[in-house]
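Novice: quick one: sequence and predicted model below, then my questions.
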Amino acid sequence: MPSPEIWSDKYKVHSYHTDRYSKLRINVIAGFLQESAWLHSNACGIGYNDLMQIGKMWILSGIKIKVEVYPSWGDEITMNTWGNDYEDPFAYRDFELLDRNGNQIVSGCTSWLLINISNHRPNRITPEYQKIPRRGIDSGSGKPERLAVLAKYEYVKFREVTNSDIDIYQHVNNAKYVEWFSDLVATELWKTHEIDEITVNYLSESLPDNKIRFSIIQNENSSYYFSAYNETLKKEVCRAEFHFRKKMIH
């Protein structure tokens, strides 16, 4: 039986998914998306086990998330995800979160690379890997843009990669970077503002015990630019832009 064009999963917002204000954290949204993307790819025959057998794997290259309304502790939500387009070397996947009434509350788009495990070089996404149907409809967020290099920084923090940061691919999980960047924002801002939109570019991987240097720039329009530089491997590994808005009352 063919895989559905749109893959749907139900998630419940548990207490450990939320921030201090009982709202779903943005990095958890990224984690839900990753889980549903894996399940859909598995159903299409190009999932984790299928690709590992031939020495290949999907890695996330970019993500864009736009939030209209944050789910709260106890809410039940639906994740819909589908294939959008193939623009070699990228495969694009869109997603949305719906509330229990079927209203779209979060939209987003991701870009993926198909790489060789042996040398981590990207492969062309030839027809045999294009098994996720192209729906031809986007979620409304737009594709993740390529972000510019930071010319300067205003704040620097260091951290070492620990065991809890590592995923099944033996490197730092993509959602961890979203969490780390969120932690760089001053506590006072979170009292009055919330994230409206994020764009993240994943440039390389970080491994256990690597030392990461974080840089941040704050702009006048409530946006922040972030960079994560791997001091151990001597390369920038992640770059992001977060836009904030004044908190909405629901």
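Specialist: That came through fine.
Novice: distance of residue 135 from residue 64?
Specialist: For residue 135, the distance to residue 64 (CB to CB, to the nearest Å) stands at 17 Å. Placement of C-beta: from N, CA and C, glycine included.
Novice: please apply the same query to residue 132.
Specialist: Distance of residue 132 to residue 64, given as CB to CB: 18 Å.
Novice: what do you get for residue 100?
Specialist: Residue 100 is 25 Å from residue 64, by CB to CB.
Novice: so between residue 132 and residue 64, which is more surrounded?
Specialist: Set residue 132 next to residue 64 and count neighbours by other CB atoms under 10 Å: residue 132 wins out with 24 against 21.
Novice: correct me, but the more buried one touches residue 83?
Specialist: Yes - at 3.7 Å, residue 132 counts as touching residue 83 under the criterion of CB atoms under 8 Å.
Novice: shared neighbours of the two, which are they?
Specialist: Taking CB atoms under 8 Å, 6 or more residues apart in numbering as the contact rule, residue 132 and residue 83 both touch 91, 93.
Novice: residue 107: which element?
Specialist: strand 104-116 (DSSP states H and E).
Novice: to clarify, my last question referred to residue 10.
Specialist: Counting by DSSP H and E, residue 10 is found in strand 7-12.
Novice: what lies in contact with stretch 175-195?
Specialist: By CB under 8 Å, 6+ apart, the surrounding residues in contact with stretch 175-195 are 19-20, 23, 25-28, 30-31, 34, 67, 70, 155, 157, 159, 165, 198, 200, 202, 212, 214, 216, 222, 224, 226, 228, 238, 240, 242-248.
Novice: not counting sequence-adjacent ones, nearest residue to residue 235?
Specialist: Nearest non-adjacent residue to residue 235, counting by CB to CB, 6 or more residues apart in numbering: residue 204, 5.3 Å away.
Novice: count the neighbours of the one you found for me.
Specialist: 13.
Novice: just checking, what's the longest helix in the protein?
Specialist: For the chain, the longest helix by residue count, based on DSSP state H, is helix 26-43.
Novice: name the next helix or strand downstream of that helix, please.
Specialist: Trace forward from helix 26-43 with DSSP H and E and the next one is helix 48-52.
Novice: name the residues that touch that following helix?
Specialist: Here helix 48-52 makes contact (CB under 8 Å, 6+ apart) with 38, 41-42, 57-58, 114, 117, 168.
Novice: please pick the buried ones from the residues you listed.
Specialist: With neighbours counted by 16 or more other CB atoms under 10 Å, the contacts of helix 48-52 contain buried members at 41, 57-58, 114.
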